[in-house]
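S.K.: please find the sequence and the predicted model below.
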Amino acid sequence: LQFLYFIAQQEGGTSTFPTEMADDNTDRGNATLREAAKGFRYLFWLNLISKIFTFGANAYVVRVATPKAMGMRLNMDLWVNAILFFTREAFRTACLRIPLSDGEAASFQHVLSWGWCSALFGVTASIAGAFAFYYTMADSFSSIPEFESISLLTLTVMNFAGAAIESLAEPLYNTAQGLILTSVRTNSEAAALVTRVMSMVMLVSIWDLHPLLSFGVAQLLYGVVILLYYCVYFWLRHPNCKWIPSGHVKTPSVVISNTVQFQKEATMRLLLTEGEKVLLSGITTLSQQGVYDVVSHLGSVVCRILFKFIEDASLVAWSKLFAVGAKGQAEKLFSHLLRILSMIGLIFCCFGTSYSYALLYLLYGSKWTDTDAPNMLSLYCVYISLMAINGISEAFYRSAATDESLQLLWKVQGLFSAAFVILSLLLEYCFELGAFGLIASSASVMVLRIVFCIRFVRKVLPDFNLVSCLPHQIVFGIATASFVITQLSRVYIFPSHASGNTNLLIHIYVGAVCFIAFLVSIRMLEWGNLQDLRKLLAGKSE
């Protein structure tokens, strides 16, 4: 509590509540970008530092855990994350479209009331999900010898109680996001993440607790810290803020209709993002699920550190820019971000595929490199590059779409979900690819989603040029040459951990030289675009 109190006291932010807000700004588009950029800086650096620290701690837990334990963790995370996403994503997006800069106190009442609806929805779904999870997993859990000393009921209560407690923070979360206080979210999630990972390490290393029990305790603490942080922050920074709507608040019909549309979209997005795990749990063994869980967490660490927060910050910025009519700035922001994410995707495709084996060996040891994890991680690196482009494209779509466009997105994503299921089952039952087939199916569907969103961008922004968002030809050529060289090094210098540490160092050295050449090409040929993005986020008109 003292730690949360100290952090909240240091929290900055120029946004205030309706009684302190200024009138119309003469340059509202630039002001919006400056606020979004300020929040993004908090969002990026604090999460980068905290997650690099927690990533090392999490690697220790994976080293001592078995594939079956990681497989059970995948199932628990699937249920908890699905409940949280399904019960709050639509409400969050709808609240972003409620303007909080017009000086009307009614707007805050609408955000709070809608946030409480999301919180109650989340608590109810968590309770129902706990019962469903327990009775679904009871038979398979009891048949595994290494789980004999663990109570499934205890695991279920800890994980789903953490989700319910985290849902209670939604009213204050939506208020902070509406005021573009992105750093509040960043600091709360950073503190909760550090608490979760450190508790896992201490429970496993000091008290020798089973990894599954440590996962449950950590999930519970994560929800508690999230809720406490928001309460402490608003209590200190905005003591006059009413956390519960006063009197009867009639939610505008447009907010309700937006939430319904966003809920349909969120359902489709949930099926697209978590559908592979649902299929995985149904067609593979618990050990195979554990291997996939390790690969997906390791492969998506950059997505959690960078891509997800770029998507969230951009969604907030574009929603506000379109609300004030700053269409030109929205187009510039999208073009610059798409170009940068394309270059990041090249790094994963050209370097990640060549060094997946070495990374797994250094982090988790030969226990995991002797499985299908290295090849699976290589394929996942290609998938990550597509996730980066799709995330930013769908964020733009959701911020600029009308009700009709959102309905179309819902229908199209339903077709994408059906295509994913059919393709996954086809690859599994015809070619027995297992988790590899699921990743390949996800990547194929991701391409279709990107194409659909880019078509919408061209409709909203007629002057948008996709070719201008691609990296320079020389940069692309150097990346391709680096891919060939590092693949040869992977095959002939370090084919396995039996090659020895000397060969491993040589393999890393080859990759470092190629990566430096790639960075030099970006510095020489792409630096101007990076500077343009910096000026845009600083709110300077070109």
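M.R.: Received it, and whenever you're ready, just let me know what you need.

S.K.: assign the spatially most central residue of the chain to helix, strand or coil.
M.R.: The centre of the chain sits closest to Lys308, judged by Cα atoms, centre = their mean, with a distance of 3.8 Å. Taken by DSSP: H, G, I helix; E, B strand; the rest coil, the conformation at Lys308 corresponds to helix.

S.K.: I figured it hits Gly391, correct?
M.R.: Yes. Counting by Cβ atoms under 8 Å, Lys308 does reach Gly391; the two are 7.2 Å apart. Backbone N, C-alpha and C define where each C-beta goes, glycine included.

S.K.: so how far is Ile439 from the residue nearest to the centre of the chain?
M.R.: Counting by Cβ to Cβ, to the nearest Å, the gap from Lys308 to Ile439 is 19 Å.

S.K.: just the pLDDT at the closest residue in space to Leu346 that isn't next to it in sequence, thanks.
M.R.: Distances taken as Cβ to Cβ, 6 or more residues apart in numbering place Ala479 nearest to Leu346, at 4.5 Å, with adjacent residues excluded. Per-residue pLDDT puts Ala479 at 96.

S.K.: what sits against the residue nearest to the centre of the chain?
M.R.: Gly391 (Cβ atoms under 8 Å, 6 or more residues apart in numbering).

S.K.: how near is it to Tyr355?
M.R.: Counting by Cβ to Cβ, the gap from Lys308 to Tyr355 is 23 Å.

S.K.: in three-state terms, label the closest residue in space to Ser354 that isn't next to it in sequence for me.
M.R.: Of all residues not flanking Ser354 in the chain, Thr486 sits nearest, at 3.6 Å (Cβ to Cβ, 6+ apart). Of the three states, Thr486 takes helix according to three-state DSSP.

S.K.: and Thr486, how far from Ser356?
M.R.: In terms of Cβ to Cβ, Thr486 sits 11 Å off from Ser356.

S.K.: intersection of neighbour lists for those two?
M.R.: Joint contacts of Thr486 and Ser356 (Cβ under 8 Å, 6+ apart) do not exist.

S.K.: distance check, the residue nearest to the centre of the chain against Asn159.
M.R.: Taking Cβ to Cβ, one finds Lys308 at 21 Å from Asn159.

S.K.: rewinding a little: got a pLDDT number for the residue nearest to the centre of the chain?
M.R.: Here, the pLDDT recorded for Lys308 equals 75.

S.K.: next up, the contacts around Val295.
M.R.: Per Cβ under 8 Å, 6+ apart, neighbours of Val295: Ala373, Met376, Leu377, Tyr380, Ala435.

S.K.: buried sites along stretch 390-406?
M.R.: 390-401, 405-406 (16 or more other Cβ atoms under 10 Å).

S.K.: what is the nearest of the residues you listed to Phe431?
M.R.: Comparing those against Phe431 with Cβ to Cβ places Asn390 closest, at 25.2 Å.

S.K.: who touches that closest one in this structure?
M.R.: Applying Cβ under 8 Å, 6+ apart, the residues contacting Asn390 are Met446, Arg449, Ile450, Cys453.

S.K.: identify, from those, the entry nearest to Tyr134.
M.R.: Distances from Tyr134 to the contacts of Asn390, taken by Cβ to Cβ, are shortest for Met446, at 33.5 Å.

S.K.: these two touch, right, the closest one and Leu386?
M.R.: Yes. Met446 lies in contact with Leu386 (Cβ under 8 Å); the separation is 4.3 Å.

S.K.: please enumerate the helices of the stretch 151-300 of the chain.
M.R.: In the stretch 151-300 of the chain, the helices defined using DSSP state H, counting those that start in this stretch lie at 152-167, 170-178, 182-205, 211-237, 253-283, 286-299.

S.K.: among the ones you listed, which comes closest to Asn58?
M.R.: Across those (criterion: Cβ to Cβ), the nearest stretch is helix 182-205, sitting at 5.5 Å.

S.K.: report the angle between the axes of that closest one and helix 211-237?
M.R.: 150 degrees (axes from the mean of the first three to the mean of the last three Cα atoms, to 10 degrees).

S.K.: helices or strands up against helix 182-205?
M.R.: Where contact means 3 or more Cβ pairs under 8 Å, 6 or more residues apart in numbering; DSSP states H and E, helix 182-205 is packed against helix 2-10, helix 28-64, helix 170-178, helix 211-237, helix 308-323.

S.K.: picking that back up, which one of the contacts of Val295 is nearest to Val278?
M.R.: Ala435 (12.9 Å).

S.K.: which residues touch Trp224?
M.R.: No Trp there; residue 224 is Val. Counting by Cβ under 8 Å, 6+ apart, the residues that Val224 touches are Gly162, Ile165.

S.K.: how about the helices in the stretch 401-542 of the chain?
M.R.: Using DSSP H, counting those that start in this stretch, the helices assigned to the stretch 401-542 of the chain run over residues 403-431, 435-460, 473-492, 501-525, 527-537.

S.K.: run through the stretch 51-200 of the chain and note the low-pLDDT ranges.
M.R.: Within the stretch 51-200 of the chain, the ranges that satisfy pLDDT under 70 run 51, 53-54, 99-108.

S.K.: and for the stretch 251-400 of the chain?
M.R.: 251-252, 302, 304-305.

S.K.: so of the contacts of Val295, which ones are in helices?
M.R.: Among the contacts of Val295, the members found in helices (DSSP state H) are Ala373, Met376, Leu377, Tyr380, Ala435.

S.K.: wait, doesn't Asn503 sit right on Tyr492?
M.R.: No. Taking contacts as Cβ under 8 Å, Asn503 lies outside contact range of Tyr492: 9.5 Å.

S.K.: with neighbour numbers in mind, choose between the two.
M.R.: Asn503 (17 against 11; other Cβ atoms under 10 Å).

S.K.: so who does Phe456 touch?
M.R.: Tyr397, Ala400, Ala401, Ser405.

S.K.: was I right to think the last one contacts Tyr397?
M.R.: So that's Ser405. Yes. Taking contacts as Cβ under 8 Å, Ser405 lies within contact range of Tyr397: 7.4 Å.

S.K.: ok so, going back, ok, the residue nearest to Ser354 - contacts?
M.R.: Taking Cβ under 8 Å, 6+ apart as the test, what Thr486 contacts is Cys350, Phe351, Ser354, Tyr355, Val510, Gly511, Cys514.

S.K.: mind redoing it with 6 Å?
M.R.: Ser354, Gly511, Cys514 (Cβ atoms under 6 Å, 6 or more residues apart in numbering).

S.K.: top of those residues by neighbour count?
M.R.: Most crowded among those, counting by other Cβ under 10 Å, is Ser354 at 26 neighbours.

S.K.: tell me the secondary structure for that residue?
M.R.: coil.

S.K.: excluding chain neighbours, what is closest to Leu74?
M.R.: Here the residue nearest Leu74, using Cβ to Cβ, 6+ apart, is Asp293, at 3.9 Å.
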